[in-house]
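[1] attaching a predicted model along with its sequence, questions to come.
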Amino acid sequence: MSEVTVLDSVTVSELDLALVHALQVRPRAAWTDLAPSLGATAVTLARRWERLTEEGLAWVSAVPGPAFSSGGCTAFVFLRCAPAARERLASHIAELPEAVTVELLAPGRADLMLDVLAPDLATVQSFVDKELAALPDVLDIECVFATSLYAEGSRWRLGSLDAAQLSVLGRAGTPDGPGGPIVLNSLDRALLDALAADGRTRLTELADLIGTSAATVRRRLHRLSAGGVMGFRCDVAPAVSGLPVSVTFRGHAPAGDVNRLHRTLATLPECRLLAAVTGGANVLATYWLRDIGSVQQRETAACAQLPALHVTERALGTRTVKRMGHLLDGAGRRTGVRPIRPW
């Protein structure tokens, strides 16, 4: 298996990249289930994954499932602060569970961008007005709400597997959403906390962590997944993705064209996030790119696919401090976790 140095002198193999892609498709699959499509033994896959996680290069975690889009609230918050306060403010906000992602931006209209997830609109508004606005370093706040989410991190793929491998791998089939609202109890919430920290934790380990049996964990896990409450995603550091540059475009498109976003902008392979949002700039899209020179190319391609789109802002990310509850170092490697609690 050939070795590939991707970024920051980190060496990963083609098998490592294929393994990450496989876990993006089936995050909790057993190593024996993945082995046929990847052409490696289960023992080898387990050893490779252990190395990737120990070095903070890749990780699996529980995230809100399809049901969240109908019952929960997703917001994007842009903060402006004094230049000297940027790092301090980002570190403080990263400890708050409502801010699931915290990104430092290059100098511009905003200094920080937050992804905020909460059960409802009122909770987001309270977080913005009572917690963020009260911070002494915050000079200005802009908050927009997602009205439709066309692409997000759990749907993004590394692109290392070919069609034949994906066919062998198959897909983990679960219903698209719940038949009705699911009321979470303390056991469900403890399970969600544990899986938000490590989405591949074994049933027996989960049972020990939350004080119940493995059979109960299995039933609860199936209920939460099949009901659309919880999903899973496999995230990677830039050293694995080979895409160290993050840029968020904000723009405006006529209302009649907004629903075409999933057939246009979301099909571009570097698209990490695409949402229709409230406010004058009703489109928000984040791309992971290989270099700064690709920013203009991506904007040009996006506008070519959706000519009615007028890009009004380009926010260049300089560092992601926290991504979906996981703390990252300056190289984007995972160093810790602050479990998200949007349920």
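    That came through fine.
[2] where's the nearest residue to Ala133 once chain neighbours are set aside relative to Met113, distance?
    In space, and not counting its chain neighbours, Ala133 is closest to Ile141: 6.1 Å by Cβ to Cβ, 6 or more residues apart in numbering. C-beta: built from backbone N, CA, C; applies to glycine. As for Ile141, its distance to Met113 is 12 Å (criterion: Cβ to Cβ, to the nearest Å).
[3] more neighbours: which of those two?
    Met113 (22 against 16; other Cβ atoms under 10 Å).
[4] surely that one meets Glu103?
    Yes: if you go by Cβ atoms under 8 Å, Met113 and Glu103 touch, sitting 4.8 Å apart.
[5] residues in contact with stretch 298-317?
    78, 103-106, 108-110, 113, 245-254, 257, 260-261, 264-265, 267-268, 270, 280-281, 283, 285, 287, 289, 292, 295 (Cβ atoms under 8 Å, 6 or more residues apart in numbering).
[6] please repeat the previous calculation with a cut-off of 7 Å.
    103-106, 108-110, 113, 246-254, 257, 260, 264-265, 268, 270, 281, 283, 287, 289, 295 (Cβ atoms under 7 Å, 6 or more residues apart in numbering).
[7] that one: how far from the chain's middle?
    On the basis of Cα atoms, centre = their mean, to the nearest Å, stretch 298-317 sits 21 Å off its chain's mean C-alpha point.
[8] buried set for it?
    Buried residues in stretch 298-317, counted by 16 or more other Cβ atoms under 10 Å: Arg298, Glu299, Ala301, Ala302, Cys303, Leu306, Leu309, Val311, Arg314, Ala315, Leu316, Gly317.
[9] how about those residues, which pair is most distant?
    Maximum pairwise distance among the buried residues of stretch 298-317 (Cβ to Cβ): 22.4 Å, between Leu306 and Gly317.
[10] hmm, back to that, so of the contacts of stretch 298-317, which ones are in helices?
    Asp257, Val295 (DSSP state H).
[11] mind saving the C-alpha coords of the helix or strand harbouring Glu313 as PDB?
    In the assignment (DSSP states H and E), Glu313 maps to strand 310-323. Presented in PDB, the C-alpha positions along strand 310-323 are these (Å, rounded to 0.1, in the frame of the first residue of the first chain):
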ATOM      1  CA  HIS A 310     -24.400  37.600  -6.500                       C
ATOM      2  CA  VAL A 311     -21.600  37.000  -4.100                       C
ATOM      3  CA  THR A 312     -21.400  39.800  -1.500                       C
ATOM      4  CA  GLU A 313     -18.800  38.500   0.900                       C
ATOM      5  CA  ARG A 314     -15.900  36.100   1.100                       C
ATOM      6  CA  ALA A 315     -14.800  35.100   4.600                       C
ATOM      7  CA  LEU A 316     -11.500  33.300   4.700                       C
ATOM      8  CA  GLY A 317     -11.100  31.000   7.700                       C
ATOM      9  CA  THR A 318      -7.600  31.100   9.300                       C
ATOM     10  CA  ARG A 319      -8.200  28.500  12.000                       C
ATOM     11  CA  THR A 320     -11.000  26.200  13.200                       C
ATOM     12  CA  VAL A 321     -10.900  26.200  17.000                       C
ATOM     13  CA  LYS A 322     -13.800  23.800  17.400                       C
ATOM     14  CA  ARG A 323     -15.700  21.600  14.900                       C
END
